[in-house]
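Undergrad: kindly return the folded structure for what I paste below:
(chains A and B)
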Amino acid sequence: MRAVVAVIGKDTVGILAKISGFCAEYKANVMDVTQTIMQDLFAMTMLIDITNLTIDFVDFADKLKSAGEEMKLQVHVMHEDIFNSMHKI
Amino acid sequence: MISTGDILETIKMIQEENLDIRTITMGISLIDCIESDIDRACDKVYDKITRRAEKLVKTGEDIEKQYGIPIINKRISVTPVSIISAATKQSPVKFARALQRAADTTGVNYIGGYSALVHKGFSAGDKELIESIPEALAETTNVCSSVNIGSTKAGINMDAVAMMGKIIREASEKTADDHCFGAAKIVVFCNAPEDNPFMAGAFHGVGEYDTEINVGVSGPGVVRAALQKHPDANISEIADVIKKTAFKITRMGQLVGTEASKRLGVPFGIVDLSLAPTPAVGDSVAHILEEIGLESCGAHGTTACLAMLNDAVKKGGVMASSHVGGLSGAFIPVSEDAGMIDAAVRGSLSLEKLEAMTAVCSVGLDMIVIPGDTPADTISAIIADEAAIGMVNSKTTAVRVIPAIGMKEGDTLEFGGLFGSGPVMKVSPFSPSKFISRGGRIPAPMQSLKN
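TA: Model prediction:
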């Protein structure tokens, strides 16, 4: 099972480190990362493998969201299928 | 990997443009609950619904969290109750109470199917059910009712049309102290679909699976936002943008439907390709029409824009889903659409224009508030007109009008929540009583002779 983590917010030092550190803590394996800066807005998307997640996916998503809020970042964690079904034929 | 642009687009659709799954509706057959003893029959109905739908709400919530997409309603539709109640030879109100108890236990928002199919004539139990609708709806809060009074194949049952005018008035009068809400829970259909997931008209047809999952999607806000990016596009290009957007919206419904069906262990029925508005800002079908280039919904040109919109939604959606059904098309409920409410208040949208619009889009005259003193015969005639459009065009049409008891044109009836508020609209003061009192049947049109 794979999920997409999308992080949007003002660019600051250490966003990638913080989010990927958080993933490692709960055994979510980071498979791919893309990040861009649009004007001064930081947008990162990350594909993670959640097969060996040590906590429930919904709890993981909630924790990651609140960790993001501490850094004033919007974090969305959603199952990969929703993007595949919407954007691929 | 999926591109960042695509990911952000999906998130924006959900966060800012009100994209949601409007409903997961579980259709449950009650045919095996038929008993001549009404209490035993009601127990069987309650037991079967609560057993089959035990995990419906929880499953909906789990899917919502996993995919990050809101699922607004979890609902149940059942076999038209008149078929089940006929054997008891008693007033079927007890079935309405059993359905309400089942709704309370399962936690669903609405349960539909307090219904009768009388498009050609009344069979045992039909008249009793129809006569009991006002009482049943006044006594319950989450039960919805529908009556099919016509079809392209059978014509229009004018005796039933005459009855329904009175029933709608009575349902409104009985719930006058509760925003006349009884009438908002009755839909009168021509060509009613048997797998419709939307309320108040959902029921579970006799040709369906024993239990199935049907899904209704929504996304007027997403379509409007997509059109805003093309301010100078011609209509061919606009239709193309709508098709692409509808494809994406419907894929979401297909994904949620198949997932729900897998988790609940029941077959997946259909996705209803719908654009269902809510009173929330930015979730309006009227605003899409205005975005295309009308000063206000209801202006000349509205019917043409709506026809294009409705067609493009279907063309985009049909490829996105393995099975399409239900009502499939753009909905134009007045009280549930912020843009329609505004258009009606500013006088650009009339009942007559809405009637024309129903010839080219999904459903019919929906959530329209009419003066409290509108005679039953006039309501029947509104139903007859709408049914004629459905019958001749081989499409579903429906009427859900609410006589606002004690109110007159210009007043506003507030429902609250998803049902919004409705300005009382003008109805023709000229009487159709003689026509309605004749009774009989409008014969099926030539369009029915396709064999």
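Undergrad: list the contacts for the residue of chain B found nearest chain A?
TA: In chain B, no residue comes nearer to chain A than B:Gly68, which is 3.8 Å away by Cβ to the nearest Cβ. Where C-beta positions appear, they are placed from N, C-alpha and C, glycine not excepted. The contact partners of B:Gly68, by Cβ atoms under 8 Å, 6 or more residues apart in numbering or on different chains, come to A:Ala61, A:His76, A:Val77, A:Met78, A:His79, A:Ile82, B:Ile14.
Undergrad: tell me which of these fall in strands.
TA: Among these, the members falling in strands (DSSP state E) are A:His76, A:Val77, A:Met78, A:His79.
Undergrad: list the buried residues in the longest helix seen in chain A.
TA: Assignment by DSSP state H gives helix A:57-70 as the longest helix of chain A. By neighbour count on 16 or more other Cβ atoms under 10 Å in any protein chain shown, the buried set for helix A:57-70 is A:Phe57, A:Phe60, A:Ala61, A:Lys63, A:Leu64, A:Ala67, A:Gly68.
Undergrad: pLDDT and distance to B:Leu365 for those residues - can I get that in JSON lines?
TA: Putting the buried residues of helix A:57-70 into JSON lines (pLDDT from 0 to 100; distance: Cβ to Cβ, whole Å) gives the following:
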{"residue": "A:Phe57", "pLDDT": "89", "distance to B:Leu365": "44"}
{"residue": "A:Phe60", "pLDDT": "91", "distance to B:Leu365": "48"}
{"residue": "A:Ala61", "pLDDT": "90", "distance to B:Leu365": "43"}
{"residue": "A:Lys63", "pLDDT": "90", "distance to B:Leu365": "49"}
{"residue": "A:Leu64", "pLDDT": "90", "distance to B:Leu365": "47"}
{"residue": "A:Ala67", "pLDDT": "88", "distance to B:Leu365": "51"}
{"residue": "A:Gly68", "pLDDT": "89", "distance to B:Leu365": "47"}
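Undergrad: out of these, who's nearest B:Ser433?
TA: Using Cβ to Cβ, A:Ala61 comes nearest to B:Ser433 of those, at 61.2 Å.
Undergrad: for that closest one, which non-adjacent residue is spatially closest?
TA: Excluding the flanking residues, the one nearest A:Ala61 by Cβ to Cβ, 6 or more residues apart in numbering or on different chains is A:Val77, at 3.8 Å.
Undergrad: B:Ser394: neighbour count?
TA: 14 (other Cβ atoms under 10 Å in any protein chain shown).
Undergrad: hmm, who's touching stretch B:358-368?
TA: With Cβ under 8 Å, 6+ apart, stretch B:358-368 has contacts from B:184, B:201, B:274, B:303, B:306-307, B:309-310, B:327-336, B:351, B:354-355, B:382, B:386, B:389-390, B:393, B:396-402, B:419-420, B:422, B:425.
Undergrad: from chain A, which residue is nearest to chain B?
TA: For chain A, Cβ to the nearest Cβ, closest residue to chain B: A:Met78, 3.8 Å.
Undergrad: I'd assumed A:Ala3 was in contact with that residue.
TA: Yes - counting by Cβ atoms under 8 Å, A:Met78 touches A:Ala3, with 6.5 Å between them.
Undergrad: higher neighbour count, these two?
TA: For A:Met78 versus A:Ala3, the count of surrounding residues by other Cβ under 10 Å is larger for A:Ala3: 26 against 21.
Undergrad: ok, A:Thr12 touching A:Met71?
TA: Yes - between A:Thr12 and A:Met71 there is a contact under Cβ under 8 Å: 6.7 Å.
Undergrad: between those two, which has more neighbouring residues?
TA: A direct count of neighbours by other Cβ under 10 Å for A:Thr12 and A:Met71 places A:Met71 higher, at 15 against 11.
Undergrad: wait, that one sits on A:Val13?
TA: No - with contact defined as Cβ under 8 Å, A:Met71 and A:Val13 do not form a contacting pair (10.2 Å).
Undergrad: low-confidence stretches in chain B?
TA: B:1 (pLDDT under 70).
Undergrad: so how far is the top helix by length along it from its chain's centroid?
TA: For chain B, the longest helix by residue count, based on DSSP H, is helix B:235-264. In terms of Cα atoms, centre = their mean, to the nearest Å, the centre of helix B:235-264 is found 19 Å from the chain centre.
Undergrad: got it, and stretch A:36-55?
TA: The answer for stretch A:36-55 is 3 Å, by Cα atoms, centre = their mean.
Undergrad: which parts of that stretch are buried?
TA: Judged by neighbour count using 16+ other Cβ under 10 Å, the buried positions of stretch A:36-55 are A:Phe42, A:Ala43, A:Met44, A:Thr45, A:Met46, A:Leu47, A:Ile48, A:Asp49, A:Ile50, A:Leu53.
Undergrad: what sits against the last one?
TA: It refers to A:Leu53. Taking Cβ under 8 Å, 6+ apart, one finds A:Tyr26, A:Lys27, A:Ala28, A:Phe60 in contact with A:Leu53.
Undergrad: just the buried subset of the residues you listed, please.
TA: Among the contacts of A:Leu53, the ones that count as buried by 16+ other Cβ under 10 Å are A:Tyr26, A:Ala28, A:Phe60.
Undergrad: tell me what the longest helix of chain B is packed against?
TA: helix A:80-87, strand B:20-28, helix B:56-67, strand B:211-218, helix B:220-228, strand B:268-272, helix B:302-320 (3 or more Cβ pairs under 8 Å, 6 or more residues apart in numbering or on different chains; DSSP states H and E).
Undergrad: can you give me the end-to-end distance of stretch B:404-424?
TA: Stretch B:404-424 has its terminal residues 7 Å apart, counting by Cα to Cα, to the nearest Å.
Undergrad: from the chain's centre, how far out does it sit?
TA: 19 Å.
Undergrad: surely B:Val215 meets B:Val256?
TA: Yes - B:Val215 lies in contact with B:Val256 (Cβ under 8 Å); the separation is 5.9 Å.
Undergrad: how about stretch B:194-214: buried residues?
TA: B:194-205, B:208, B:211-214.
Undergrad: chain A against chain B: which residues are in contact?
TA: A:4, A:6, A:8, A:31-32, A:34, A:36, A:43, A:45, A:47, A:57-58, A:61, A:76-89 (Cβ under 8 Å from any Cβ of the partner chain).
Undergrad: of the residues you listed, grab the buried ones for ChimeraX.
TA: Selection of buried members from these for ChimeraX, criterion 16+ other Cβ under 10 Å:
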select /A:4,6,8,43,45,47,57,61,76,77,78,79,80,81,82,83,85,86,87
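Undergrad: break chain B down into its domains, please.
TA: Per automatic domain parsing, the domain ranges recorded for chain B read B:27-190, B:217-448.
Undergrad: count the residues that sit near B:Ile341.
TA: Neighbours of B:Ile341 using other Cβ under 10 Å come to 24.
Undergrad: and the buried residues of helix A:57-70, which two are the farthest apart?
TA: Pairwise over the buried residues of helix A:57-70, using Cβ to Cβ, the maximum falls at A:Phe57 and A:Gly68, 16.4 Å.
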